[in-house]
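Peer 1: Sequence below, structure please.
(2 chains)
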Amino acid sequence: MSMFRIFDVSGSAISAQAQRLNTVASNLANADAVAGPDGQAYKARQVVFQTVPMGEPASAGVKVRTIVESDAPNRRVFNPHHPSADAQGYVTYSNVNPVEEMVHMIATARSYQNNVEVMNTAKTLLLKTLQMGQ
Amino acid sequence: MFNRWTERMDLLGQALQLRAYRQQVIASNIANADTPGYVARDFDFRTALLQAQARERGAVLASASAAVPSASHGLAGSDPRHLRTALRAGVTDSARVAYTIRAQPSLDQNTVDLDQQRANFVDNAVQYETTLRFINGHVKTMLAAIQGQ
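Peer 2: Residues are numbered from 1 along each chain as shown, chains lettered A, B, ... in the order given. Here you go, the predicted structure:
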């Protein structure tokens, strides 16, 4: 029965979206992180999705292929009294753009909800199919 | 005679399988709504159902004309009057899954139009339930005819 495959497909999508939400959470948590002793501040991370064929030609799941780090320049703030200030008096913060991350979060939540709804519908239909002929 | 009773059931069964298959295709599209480079897929239900019916008719004719079908394709028999199963391909094989074209292409080459897919998904779910109801109604009719009450 091909309908059972829907749970695999939507399940893979949900897990991929959850991972994306995880990166958003990390990015937002580290939005104000300053550079450590090595001078490297946190870089915003983003997942890259990839289609996974699932046996049949028509069913395609999703997986996270890789997680890339943003190469945007780090935010530098002039604050000579900060303990992490460099020789010129600048403090290097992470390159996370909070507005962008919030947009990612909303998009991820919507996609997640869509896939949950797909699973619920498939479940309802399967339960009704079980009662066929009664 | 009995064949005529079950003919309708065959059609509804094929329709139900194709609906389930389409549900799966649309679920894949929704799952891949954020995947770069993914091209949404769908198939024409009407054409697929007609093809499945034509194939079924062809399969029944083929099994009727062949004296002894090989056991690998279903029940084998040594006499034309023996009960045997028609050799049939899966109904979903008749669905030619094509790629959709998007009116507004996006920069990452993804062609899933999420609104369209959601509408298709709900529509297909309702059609699936409708087919189920037809099947249930047909079963009830047959039972009523058998019991004669």
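Peer 1: Which one of the residues in chain A is closest to chain B?
Peer 2: residue A:13 (3.5 Å; C-beta to the nearest C-beta). Every residue, glycine included, has its C-beta placed from N, CA and C.
Peer 1: Surely that residue is within a strand?
Peer 2: No. Using DSSP: H, G, I helix; E, B strand; the rest coil, the assignment for residue A:13 is helix, not a strand.
Peer 1: List the single closest residue to it in space, sequence neighbours excluded.
Peer 2: residue B:31 (3.5 Å; C-beta to C-beta, 6 or more residues apart in numbering or on different chains).
Peer 1: Quick check: residues of chain A near chain B?
Peer 2: Residues of chain A found near chain B (C-beta under 8 Å from any C-beta of the partner chain) are A:1-3, A:5-6, A:9-10, A:12-13, A:17, A:20, A:48-51, A:56-62, A:107, A:111, A:114-115, A:118, A:121-122, A:124-125, A:128-129, A:132-134.
Peer 1: Filter those down to just the ones in strands.
Peer 2: The members of the residues of chain A next to chain B that map onto strands under DSSP state E are A:48-51, A:56-62.
Peer 1: Most neighbours among these, which one is it?
Peer 2: Within those, most neighbours by other C-beta atoms under 10 Å in any protein chain shown means residue A:62, with 27 neighbours.
Peer 1: Contacts only, for the closest residue to residue A:63 other than its chain neighbours.
Peer 2: Nearest non-adjacent residue to residue A:63, counting by C-beta to C-beta, 6+ apart: residue A:52, 5.0 Å away. With contacts defined as C-beta atoms under 8 Å, 6 or more residues apart in numbering or on different chains, the neighbours of residue A:52 are A:12, A:60-63.
Peer 1: Output the set of residues of chain B in proximity to chain A.
Peer 2: Counting by C-beta under 8 Å from any C-beta, the residues of chain B that sit close to chain A are B:16-17, B:20-21, B:23-25, B:27-28, B:30-38, B:41, B:92, B:95, B:97, B:114, B:118, B:121-122, B:125, B:128-129, B:132, B:135-136, B:139.
Peer 1: In PyMOL, select just the buried ones from these.
Peer 2: Buried residues among those (16 or more other C-beta atoms under 10 Å in any protein chain shown), as a PyMOL selection:
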select buried, chain B and resi 16+17+20+21+23+24+25+27+28+30+31+32+33+34+35+38+41+92+95+97+118+121+125+128+132+135+136
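Peer 1: Out of the residues of chain B next to chain A, name the ones that lie in helices.
Peer 2: B:16-17, B:20-21, B:23-25, B:27-28, B:30-31, B:114, B:118, B:121-122, B:125, B:128-129, B:132, B:135-136, B:139 (DSSP state H).
Peer 1: name the helices or strands packed onto the longest helix that chain A contains?
Peer 2: For chain A, the longest helix by residue count, based on DSSP H, is helix A:98-130. Contact here means 3 or more C-beta pairs under 8 Å, 6 or more residues apart in numbering or on different chains; DSSP states H and E; on that basis helix A:98-130 packs against helix A:5-29, helix B:2-31, helix B:114-147.
Peer 1: Give me the number of neighbouring residues for residue A:92.
Peer 2: 21.
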